[in-house]
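sharing a sequence plus its predicted fold:
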There are 2 protein chains.
Amino acid sequence: MLFRPALLLLFFALPQATTHPSAPASDPSEMPSYTADGRLQPPANYREWIYLTSGIDMSYSSSANPSHSMFDNVFVNSSAYRSFLETGTWPDKTVLVLETRGAESPVSINKRGHTQSSEIMGAEVHVKDNSRGGWSFYSFDDNDKGALLPRTAPCYSCHEQHGAVDTTFVQFYPTLIGLAKSKGTLSPAYLKEIAPPASSK
Amino acid sequence: MLFRPALLLLFFALPQATTHPSAPASDPSEMPSYTADGRLQPPANYREWIYLTSGIDMSYSSSANPSHSMFDNVFVNSSAYRSFLETGTWPDKTVLVLETRGAESPVSINKRGHTQSSEIMGAEVHVKDNSRGGWSFYSFDDNDKGALLPRTAPCYSCHEQHGAVDTTFVQFYPTLIGLAKSKGTLSPAYLKEIAPPASSK
């Protein structure tokens, strides 16, 4: 595979905010749903939502050594995605699902690099629900229902301090970061992070 | 992230072939379209299709050394995906898109592992079109229209010899390989590949 980004821009332009003629405005199956005691129901069929990105072995600490390599895949409900294309930010009832899968090698005829495991190793869901105080994180690591992570958990402050758009890591979503820039929705914290250092006089 | 696959099976069961109530049976924008001289039009909005998997630095040769790390992401048109859920194999007019993106590090607050580049580094499309002789590969590496790869190209024989389902690498699609197994659509070549070695008597 050759490195020819200029030509490939023709293949893949920025996503357009044209409404899909048959797409429902907001599919009820994509909306967040809760148990009576406030846990999040597992989002059904999120693998059929809009894919945003994958990473491998991501860490906010350069010193961490993973015991095994892992992919993470991120999906968002399609109504929130379409709203983002129009506005550059997330609407109420946005649901972002992060699933983690093992990075395997070798598998079948693949001899190098990594492919993804059939098993899911972990899952976390980030929900914007204004009827429940805005953005919340739910972990599915210990249960089939999502446990609300307390507001004091470091994921909240980290996302607030570093998220490119509305406390989310849009800087890692290749098809959305340029759109957020063009819409002027990048957070002050992120704009400060990417600003060139002030020249010393 | 802890390693608890047993619990997470509750979070993510096998995809079901229940028809989406509002989904179009076959969206015209998802169908393959060609130029007068037989090149493939770039699939519009394939990033809004069904995501199948990502890999990193995959190679069929263990000796190859990549000059730079690359992710590949695979998408399929949603009507073909829904047909696969029902039948375990691909229908006519299946379009599989493989895009390649750079694996970057560090980016923003990510200090380790890799995230995906905004730029696309390459793209290849695998189309099943019975009006054009079945499966064909089109490369977008050199042009904004897909060039048909000749039938003598090694990708054809490799996919025929190793593809788990209908000459496609379903063995690398985590949510589909188990379904193909349960539907009995695994190829003879793949079944032979995964068969335990015959015991010597």
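Received it, and whenever you're ready, just let me know what you need.

tell me what A:W135 is bridged to.
A:K128 (DSSP bridges).

quick one: the helices in chain A?
Assigned by DSSP state H, the helices in chain A fall at A:5-11, A:78-87, A:154-162, A:177-183, A:188-194.

give me the number of residues near A:A198?
Residues lying near A:A198 (other CB atoms under 10 Å in any protein chain shown) number 6. Where you see a C-beta, it was placed from the backbone N, CA and C, and this is true even at glycine.

need the pLDDT of the residue lying closest to A:V95 once chain neighbours are set aside.
In this structure, A:V95 finds its nearest non-sequential neighbour in A:N77, 4.7 Å apart by CB to CB, 6 or more residues apart in numbering or on different chains. Per-residue confidence (pLDDT) for A:N77: 98.

count of neighbours near A:N77?
The burial count assigned to A:N77 is 25, neighbours taken as other CB under 10 Å.

helix or strand with the lowest mean pLDDT in chain A?
helix A:5-11 (a mean of 44; mean pLDDT, DSSP states H and E).

redo the helices of chain A as TSV? Include mean neighbour count and distance to chain B.
Conversion of the helices of chain A to TSV gives the following (neighbours: other CB atoms under 10 Å in any protein chain shown; distance: least, CB to the nearest CB, whole Å):
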stretch	mean neighbour count	distance to chain B
helix A:5-11	15	3
helix A:78-87	20	8
helix A:154-162	14	5
helix A:177-183	17	6
helix A:188-194	12	7
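
strands along chain A, start to end?
Read by DSSP state E, chain A holds these strands, from start to end of the chain: A:50-59, A:70-76, A:94-104, A:112-129, A:134-139, A:147-148.

how long is stretch A:60-79 from one end to the other?
Its start and end residues considered, stretch A:60-79 measures 30 Å (CA to CA, to the nearest Å).

run the chain-centre distance for that stretch.
10 Å (CA atoms, centre = their mean, to the nearest Å).

what does stretch A:52-63 give?
On CA atoms, centre = their mean, the centre of stretch A:52-63 falls 12 Å from the chain's centre.

buried residues in it, which are they?
Taking 16 or more other CB atoms under 10 Å in any protein chain shown as the basis for neighbour counts, the residues of stretch A:52-63 that come out buried are A:L52, A:T53, A:S54, A:G55, A:I56, A:D57, A:M58, A:S59.

so what's the residue positioned nearest the centre of chain A up against?
Centroid-nearest residue in chain A, with CA atoms, centre = their mean: A:V74, separated by 4.4 Å. Contact analysis of A:V74 by CB atoms under 8 Å, 6 or more residues apart in numbering or on different chains lists A:Y51, A:L52, A:T53, A:S54, A:L96, A:V97, A:L98, A:F172, A:Y173.

between those residues, which is nearest A:V165?
Sorting the contacts of A:V74 by distance to A:V165 puts A:Y173 at the head of the list, at 9.0 Å, by CB to CB.

and the closest one, what's its pLDDT?
Predicted confidence (pLDDT) for A:Y173: 98.

distance of it from chain B?
9 Å (CB to the nearest CB, to the nearest Å).

A:T152 too?
As it turns out, when the distance is counted by CB to the nearest CB, A:T152 lies 19 Å from chain B.

what count of nearby residues applies to that residue?
Applying the criterion other CB under 10 Å, we find 7 residues in the vicinity of A:T152.

gap between it and B:S182?
Shown here: A:T152 relative to B:S182, a distance of 44 Å by CB to CB, to the nearest Å.

low-confidence ranges, chain A, go.
Low-confidence segments of chain A, defined by pLDDT under 70, are located at A:1-25, A:62-66, A:199-201.

who touches the nearest residue to A:N73 once chain neighbours are set aside in this structure?
Sequence neighbours aside, A:S54 is the residue nearest to A:N73 in space, at 4.9 Å (criterion: CB to CB, 6+ apart). Contact criterion CB under 8 Å, 6+ apart gives A:F71, A:D72, A:N73, A:V74, B:S54, B:F71, B:N73, B:Q116 as the residues in contact with A:S54.

and A:S26, by the same measure?
A:S26 neighbours (CB under 8 Å, 6+ apart): A:S79, A:K93.

how about A:L96: what's its closest non-neighbour residue?
The shortest distance from A:L96 to any residue other than its chain neighbours is 4.3 Å, reached at A:H126 (CB to CB, 6+ apart).

was I right to think the one you found contacts A:F169?
No: in this structure, A:H126 is not within contact of A:F169 by CB atoms under 8 Å, at 9.5 Å.

looking at the two, which one has more neighbours?
With neighbours defined as other CB under 10 Å, A:H126 and A:F169 compare such that A:F169 has more, 26 against 23.

which phi and psi does that one have?
A:F169 adopts backbone torsions of phi -90, psi 60, taken as degrees, to the nearest 10.

how about the contacts made by the residue nearest to it when sequence neighbours are not counted?
Leaving out its chain neighbours, the residue that sits closest to A:F169 by CB to CB, 6+ apart is A:G163, at 5.6 Å. Residues in contact with A:G163, defined by CB under 8 Å, 6+ apart, are A:F169, A:V170, A:S187, A:A189, A:Y190.

what does A:N110 give?
Residues near A:N110 by CB under 8 Å, 6+ apart: B:G55, B:M58, B:S59, B:Y60, B:F172.

from the residues you listed, which are also near chain A?
When those are filtered against chain A using CB under 8 Å from any CB of the partner chain, the residues retained are B:G55, B:M58, B:S59, B:Y60, B:F172.

give me the number of residues near the closest residue in space to the fourth one that isn't next to it in sequence?
Closest residue to B:Y60 apart from its sequence neighbours, by CB to CB, 6+ apart: A:I109 at 5.4 Å. Around A:I109 there are 17 other residues, counting by other CB under 10 Å.

and A:I109, its phi and psi?
The phi/psi pair for A:I109 (degrees, to the nearest 10) reads phi -80, psi 0.

rewinding a little: quick one: the residue nearest to A:V95 and chain B, what's the gap?
On the measure of CB to the nearest CB, A:N77 and chain B end up 12 Å apart.

look up phi and psi at that residue.
With angles defined as degrees, to the nearest 10, A:N77 shows backbone torsions of phi -60, psi 140.
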